[in-house]
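Engineer: What follows is a predicted protein model with its sequence.
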Amino acid sequence: MNKEIGLVLSSGGARGAAQIGVIKALEKQDYKIKSLSGSSIGSIILGMYARGELLEFEKWITSFTEDEIVNMLGFTLKKNGILKVDGFFEILNEKFPDKNIEDLKIPCAIVATDIINNESVVFNKGSLYKAIRASISIPSLIIPVYYNDTILVDGGVLEPIPINALPYSDILDVYVINLYAKEEGKSIIKEQIKDVSDTKQEKKSRRYKAFINQIENFLSRANIRNILDYITSPATSIDNIGYLNLLNTSTSAMVERIANLTIQAYKPDIVIDIPKDICKTLDFGNIKELINFGEQRTYETLEKLKSNKTKGLND
C-alpha cells in the first residue's frame, strides 16, 4: 500500500475539528502526507499541520472554553455578517506568527469563493492567515473579504471538498475527509460526553440570552424582539422557521450535494466519513470529543480497507 498521500480537508464548521484526529491517526499509521488542500475550517487545520504545529495548535485551542472561543470570533452587526473574527486571528498570530504559504513544510492549496465572478480562488502563496480568513468567511455569518477588486467568501460555497486544488494529485494517492456523510451522528458525541449536566445547559441558556441582549443593546430599536424572534426561531414548522435557520438549512443542502458530486466525479482513493450532523456549525464546546472521534473513525476506515484488500487477495 502506498503511504505517500495527498490529503483533502473539508469545510464544515466546528465538526472540522475531527480532521485533527484524522491526521493524528494517519501519522500514527505511518502515512506521509505530501500535499494538502482545504476549504473553510479545513484551511485552518491544513495550515497548522503544514507549519508543523498541529499538536501545539490542538493543545492551544482545547485550552479555551466554548465561551472564550465565541468571544474571540467577535460579534458585530453589519449587513454582510455578524462575526468579525479579527480578534481570533490577532490572538492566533501572537501564538503562531503568520507565514507565507510557499514557506510551509508541505505544499498547500487554500480555497475561497469569488462571489462576483462565481469562481473558486486558490491560494498557494502569500500570507497563510489572509488566505484562511477568506476561506472561512461563511456567507451571512462571517464578514467577507475584499480582495483584488472582488469579494471572497467561504471556499466551501463552491468547493466543500477541494480535490481539484490538491497539489500533485496526479502522482499521489488522494485521501479525502468528508464532513458531509449522511450517517446518523447526533448520538455519537452524546454517547462520548457523559458529563453533560443541567448546569452546562443553564450556561448555554445564559450565553444565548447574553448574545440576544448584546444585539438588543446594539440596535436599541423598539421592534428588536419581533426581529430576533423572526430570524432565530427554530424550524418547527413552515410558518415559523427563522431567517437564519432557513438560510443555513438551504445552503447546507446545496453544499452537501456539491460535496457528494465531487466525490463521485473525482473518485478519491480513500474517503474518511464524518457524520454531517455530529455537531452544529458553531458548536465549539466538544472539540476534544470531535478530535477523538476523527481519530477513531480513521482507524476504522483503514482497518476496513485492509480487510477488504486481504479478502480480495484470498478470493
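Structural biologist: Cool, the structure landed. A quick note: this is a predicted structure, and the numbers were derived from the prediction, not measured.

Engineer: CA atoms for contacts and neighbours, from now on please.
Structural biologist: Will do.

Engineer: Please, where are all the helices along this protein?
Structural biologist: Along the chain, counting by DSSP state H, helices occupy 18-28, 41-51, 54-61, 66-73, 86-95, 128-135, 186-192, 198-219, 224-232, 243-266, 287-314.

Engineer: lowest-confidence stretch among these?
Structural biologist: When the helices of the chain are ranked by mean pLDDT, helix 224-232 comes last with a mean of 45.

Engineer: pLDDT score assigned to Cys279?
Structural biologist: 85.

Engineer: now do Gly185
Structural biologist: pLDDT, read off for Gly185, is 63.

Engineer: State the number of residues packed around Lys28.
Structural biologist: Neighbourhood size, Lys28 [other Cα atoms under 10 Å]: 11.

Engineer: Which residues are in contact with it?
Structural biologist: Lys28 makes contact with no residue, according to Cα atoms under 8 Å, 6 or more residues apart in numbering.

Engineer: ok, it to Ile274 distance?
Structural biologist: Applying Cα to Cα, to the nearest Å, the value for Lys28 to Ile274 is 19 Å.

Engineer: Looks like Val271 contacts Ala181 (just checking).
Structural biologist: No - judged on Cα atoms under 8 Å, Val271 makes no contact with Ala181 at a distance of 10.0 Å.

Engineer: list the contacts for the residue nearest in space to the middle of the chain?
Structural biologist: Centroid check for the chain by Cα atoms, centre = their mean gives Ile41 as the closest residue, at 2.9 Å. Ile41 makes contacts with Ser10, Ser11, Gly12, Gly13, Ala14, Gly16, Ala17, Ser135, Ile136, as judged by Cα under 8 Å, 6+ apart.

Engineer: Phe88 too?
Structural biologist: Phe88 makes contact with Met72, Leu73, Gly74, according to Cα under 8 Å, 6+ apart.

Engineer: Equivalent analysis for Asp173, please.
Structural biologist: By Cα under 8 Å, 6+ apart, the contact list for Asp173 reads Asn2, Glu4, Ile5, Gly6, Pro268, Asp269.

Engineer: Bridged to it, which residues?
Structural biologist: Taking DSSP bridges as the rule, Asp173 bridges to Ile5.

Engineer: Distance of it relative to Asn260?
Structural biologist: 19 Å.

Engineer: still on that earlier bit, of the contacts of Asp173, just the buried ones, ChimeraX syntax please.
Structural biologist: In ChimeraX syntax, the buried subset of the contacts of Asp173 is picked out as below (16 or more other Cα atoms under 10 Å):
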select :4,5,6,268
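
Engineer: Identify the bridge partners of the closest residue to Glu183 other than its chain neighbours.
Structural biologist: Spatial nearest neighbour of Glu183, chain neighbours left out: Pro275 (5.5 Å); criterion: Cα to Cα, 6 or more residues apart in numbering. Counting by DSSP bridges, Pro275 is bridged to Ala181.

Engineer: surely Pro275 meets Ile177?
Structural biologist: No - counting by Cα under 8 Å, Pro275 stays clear of Ile177, with 10.8 Å between them.

Engineer: Which of the two has more residues huddled nearby?
Structural biologist: Between Pro275 and Ile177, counted using other Cα under 10 Å, Ile177 has the larger neighbour count: 26 against 17.

Engineer: which residues does the more buried one contact?
Structural biologist: Contacts of Ile177 by Cα under 8 Å, 6+ apart are Leu7, Val8, Leu9, Ser10, Gln19, Val22, Ile161, Val271, Ile272, Asp273, Ile274.

Engineer: Nice, that's everything, thank you.
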